[in-house]
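Asker: The following block contains a protein sequence and its predicted model.
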Amino acid sequence: MIATDDLHAPQGESPAFDLSAYLTQQAVLVEAALDRSLPLTYPEKIYEAMRYSLLAGGKRLRPILCLASCTLMGGSVEMAMPTACALEMIHTMSLIHDDLPAMDNDDYRRGKPTNHKVYGEDIAILAGDGLLSYAFEFIATQTQNVPAERVLQVIARLGRAVGAAGLVGGQVVDLESEGKPDISLETLNFIHTHKTGALLEACVVCGGVLAGSSESDLQRLSRYAENIGLAFQIVDDILDITATAEELGKTAGKDLQAQKATFPSLWGLEESRRQAQQLIDAAKAELEPFGERAIPLSAIADFIISRTN
Ligand code: GRG
């Protein structure tokens, strides 16, 4: 959305982009689609637990990235919305499982008690499982006006991004690295490119796939996403140190407490900020050939580094 104040920009200059209005508008669309995606039915307990975490708020960055990438590449919001919802279902299930006592053992997420605190560990595990499988069903059954081979490619890419080659693999190395603050930068990069980066990359690339992008454009989108993915994690590590629990909606200072190696523990805060900015600049450079159409994705890259939660 263009800010109304800026509609009178001097001739020849493009009006400023109102990122905050854009993010709010897209999040409202996503929120409504997520609410419709998962009706409460029998057995109510599990649907309630799934809805509790899915509709608990959050920035909705992953679905918004998918919608922005699809529209950048000439597709529509409608074509991408089922995949966008599925991405949020998968992200949410990873948060539910990550918060379990067997993993990070967190009591708060998105400003609310974690799923297992409300429903118990057994139901929280099943709520995660339910969301994961429903995400794939949802893409396959709800995507409209997109050729079947593109939908198949989205499902395949997403399966790879969440499995042992992606989120699961990253989480395993992360768990193994707990209590080892001296792990190498290579290991730290592996953890984050898999645990955080793989899903963010899938969001951006799947948006492009749904719109029918060329292989070279998909590679460009993928490089944009890799850069914002790593920057996102560096900022996450910084916020774990500098932000309050109220700002984060979850416990702050967890990394130090778990004796985890982080980017700030390796580089310090200032260098971490510099590295994150470099990655954001590199991400935005990948978008240059797309011109003004890429303004939303470029502004989202800036948001990733300036965010406070
Ligand atoms: C995916 C099959 C499967 C299993 C899950 C637990 C696990 C395996 C992986 C952990 C993945 C994880 C929790 C990564 C952290 C990603 C991250 C930085 C989350 C915070 O994302 P934000 O800030 O959160 O976008 P909101 O609440 O705004 O959505």
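Answerer: Noted; the coordinates are in hand.
Asker: Which residues of the stretch 151-300 of the chain lie near the ligand?
Answerer: Residues of the stretch 151-300 of the chain found near the ligand (Cβ under 6 Å from any ligand atom) are 162, 167-168, 171, 195-196, 236. Glycine gets a C-beta too; all of them are placed from N, C-alpha and C.
Asker: Gly268: which of those is nearest?
Answerer: Distances from Gly268 to these, taken as Cβ to Cβ, are shortest for Asp236 (16.2 Å).
Asker: Could you count how many residues lie near the nearest residue to the closest one once chain neighbours are set aside?
Answerer: Spatially, and ignoring its direct neighbours in sequence, Asp236 is nearest to Thr196 (7.4 Å; Cβ to Cβ, 6 or more residues apart in numbering). As a burial measure, Thr196 scores 20 neighbours (other Cβ atoms under 10 Å).
Asker: Was I right to think Thr196 contacts Ala231?
Answerer: No: using Cβ atoms under 8 Å, Thr196 and Ala231 do not qualify as a contacting pair, with a distance of 10.3 Å.
Asker: Please work out which residue of this protein is closest to the ligand.
Answerer: Gly58 (3.1 Å; Cβ to the nearest ligand atom).
Asker: Could I get the buried residue list for the longest helix belonging to the chain?
Answerer: Looking across the chain with DSSP state H, the single longest helix is helix 215-242. By neighbour count on 16 or more other Cβ atoms under 10 Å, the buried set for helix 215-242 is 217-218, 220-240.
Asker: before we move on, what about stretch 59-70?
Answerer: So, applying 16+ other Cβ under 10 Å, buried residues of stretch 59-70: 60-70.
Asker: Following element in sequence after the helix or strand bottoming out on mean pLDDT in the chain, please.
Answerer: Here the helix or strand of the chain ranked lowest by mean pLDDT, DSSP states H and E is helix 254-257, holding a mean of 80. Once helix 254-257 ends, the next helix or strand along the chain (criterion: DSSP states H and E) is helix 263-267.
Asker: And that following helix, what does it pack against?
Answerer: Applying 3 or more Cβ pairs under 8 Å, 6 or more residues apart in numbering; DSSP states H and E, we find helix 263-267 packed against helix 185-192, helix 215-242, helix 269-287.
Asker: my read: Asp106 touches Ala258, true?
Answerer: No: with contact defined as Cβ under 8 Å, Asp106 does not reach Ala258; the gap is 10.8 Å.
Asker: Intersect the buried residues of stretch 59-70 with the contacts of the ligand.
Answerer: Leu61.
Asker: What are the boundaries of the helices in the stretch 101-250 of the chain?
Answerer: 115-119, 121-142, 148-162, 167-177, 185-192, 198-210, 215-242, 245-248 (DSSP state H, counting those that start in this stretch).
Asker: Reformat those into JSON lines and put mean pLDDT next to each item.
Answerer: Converted to JSON lines, the helices of the stretch 101-250 of the chain look like this (pLDDT from 0 to 100):
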{"stretch": "helix 115-119", "mean pLDDT": "98"}
{"stretch": "helix 121-142", "mean pLDDT": "98"}
{"stretch": "helix 148-162", "mean pLDDT": "98"}
{"stretch": "helix 167-177", "mean pLDDT": "96"}
{"stretch": "helix 185-192", "mean pLDDT": "94"}
{"stretch": "helix 198-210", "mean pLDDT": "98"}
{"stretch": "helix 215-242", "mean pLDDT": "96"}
{"stretch": "helix 245-248", "mean pLDDT": "85"}
